[in-house]
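**Q** What follows is a protein structure lacking sequence information:
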């Protein structure tokens with residue numbers, strides 16, 4: 001991808017998409033993302049809010065998405081077919097000054113959000129600072145809150161997340177509002193209902209998650225179950241839906257790639273391995289009638305449920321905070337790898353859906369953001385001078401960890417904890 005030169009009309013930003021209006025005074029929101037998943041969340045979120053003038057930027061980083069990833073991330077949003085400018089960290093102050101936003105949305109990984117918020121907070125007419133996560137946010141991370149120390153509001157996506165992030169912000173001494181919203185990629189207006197639950201899926205889609213499971217053995221077991229399904233059900237399509245092609249970057253680094261694992265099973269001559277394929281592009285293109293989705297822990301499960309697609313959370317590895325899937329333990333949509341191979345895919349209970357991510361849409365998020373924007377315009381936002389110093393120290397430590405050898409970091413941590 002070619003990074004634009006920092007000259008006009010570069011600083012004018014992208015052409016504003018059409019504004020959905022309910023007659024309220026528009027909120028000017030400037031969003032900064034660093035990866036495909038955060039860009040998807042930001043553009044979908046801004047596209048669902050009425051009376052918002054949104055400008056979206058990508059910041060140059062090691063996980064900068066490719067043109068294909070960008071196109072997939074913004075598909076179906078107001079930014080589809082529009083250029084997303086790429087800026088450097090040194091451009092942040094000028095970008096914010098040029099657009100004078102009411103709100104800066106830190107839709108990025110922690111260290112980038114810290115830099116964005118530090119830059120925005122230095123302005124005399126500082127904007128409100130808002131952040132969130134691009135998918136399921138449990139367990140709540142105190143470390144993540146430390147990177148967002150200057151935040152005014154954090155967007156959570158379920159009542160359980162609101163409680164968890166309220167507790168995390170209190171523990172980290174980061175005073176902020178925790179706002180409830182629906183994940184913007186969820187389109188249902190009521191509790192979703194399953195379609196075609198009794199049938200073998202015409203296409204079985206596996207949605208990987210980069211961080212879990214970690215071991216090569218567990219990942220191989222998943223692919224083996226998919227090959228078994230492909231062998232038993234040759235009339236169906238079996239797809240591993242990847243978020244990136246080999247060589248592209250994602251928000252989280254992945255070890256033991258599914259591409260390599262499937263290649264190994266093919267070389268071993270495992271039945272069905274040649275019938276498993278890889279899929280790329282927007283997930284929506286795969287969530288079609290007759291499909292079934294399988295995952296260990298992925299926001300893709302919520303998108304699938306939202307569309308009424310049979311969905312299974314693999315139970316063989318357990319449900320825990322470490323696997324990022326604890327919330328699904330009592331969903332009634334869990335199943336074993338043997339059930340994956342058989343094509344027996346379930347669906348969550350209505351009671352679980354209401355408690356988790358499928359609460360009613362009320363428009364409260366837009367009202368809260370409107371109040372934050374008003375406070376920004378009238379100079380009523382707090383000036384957290386002491387938090388600025390702490391945020392700078394957190395950011396410096398993060399930068400040092402990227403250049404300091406891992407053994408030195410581990411030695412430092414041992415000495416620090418022995419004090």
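**A** Looks like it came in fine. This one's a predicted model, so the numbers in the text were calculated from it and none came from an experiment. Residues are numbered from 1 along each chain as shown.
**Q** Kindly check the end-to-end length of stretch 303-314 for me.
**A** 16 Å (C-alpha to C-alpha, to the nearest Å).
**Q** Sorry, slip of the keys, the one I care about is stretch 91-105.
**A** Using C-alpha to C-alpha, the two ends of stretch 91-105 sit 16 Å apart.
**Q** As a check, name the ranges of all strands in the stretch 201-350 of the chain.
**A** Using DSSP state E, counting those that start in this stretch, the strands of the stretch 201-350 of the chain run over 203-206, 237-241, 276-279, 291-295, 311-314, 334-335.
**Q** closest to residue 65 out of those strands?
**A** Residue 65 sits nearest to strand 237-241 of all the strands of the stretch 201-350 of the chain, at 16.5 Å, using C-beta to C-beta. Placement of C-beta: from N, CA and C, glycine included.
**Q** Now find how far off-centre that closest one is within its chain.
**A** 22 Å (C-alpha atoms, centre = their mean, to the nearest Å).
**Q** Then stretch 353-372?
**A** That offset, for stretch 353-372, works out to 18 Å (C-alpha atoms, centre = their mean).
**Q** Could you check that stretch and say which residues are buried?
**A** Buried positions in stretch 353-372, judged by neighbour count with 16 or more other C-beta atoms under 10 Å: 353, 355, 356, 357, 358, 359, 365, 366, 368, 369, 370, 372.
**Q** Is it possible to get CSV of those that adds distance to residue 56?
**A** Output for the buried residues of stretch 353-372, formatted as CSV (distance: C-beta to C-beta, whole Å):
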residue, distance to residue 56
353, 30
355, 32
356, 28
357, 24
358, 27
359, 26
365, 18
366, 18
368, 21
369, 16
370, 20
372, 19
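**Q** Redo the strands of the stretch 201-350 of the chain as JSON lines? Include mean pLDDT, distance to residue 158 and mean neighbour count.
**A** Listed next are the strands of the stretch 201-350 of the chain as JSON lines, based on pLDDT from 0 to 100; distance: least, C-beta to C-beta, whole Å; neighbours: other C-beta atoms under 10 Å:
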{"stretch": "strand 203-206", "mean pLDDT": "98", "distance to residue 158": "24", "mean neighbour count": "24"}
{"stretch": "strand 237-241", "mean pLDDT": "98", "distance to residue 158": "24", "mean neighbour count": "21"}
{"stretch": "strand 276-279", "mean pLDDT": "97", "distance to residue 158": "28", "mean neighbour count": "16"}
{"stretch": "strand 291-295", "mean pLDDT": "97", "distance to residue 158": "18", "mean neighbour count": "27"}
{"stretch": "strand 311-314", "mean pLDDT": "97", "distance to residue 158": "16", "mean neighbour count": "27"}
{"stretch": "strand 334-335", "mean pLDDT": "97", "distance to residue 158": "18", "mean neighbour count": "18"}
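**Q** Nothing else from me, thank you.
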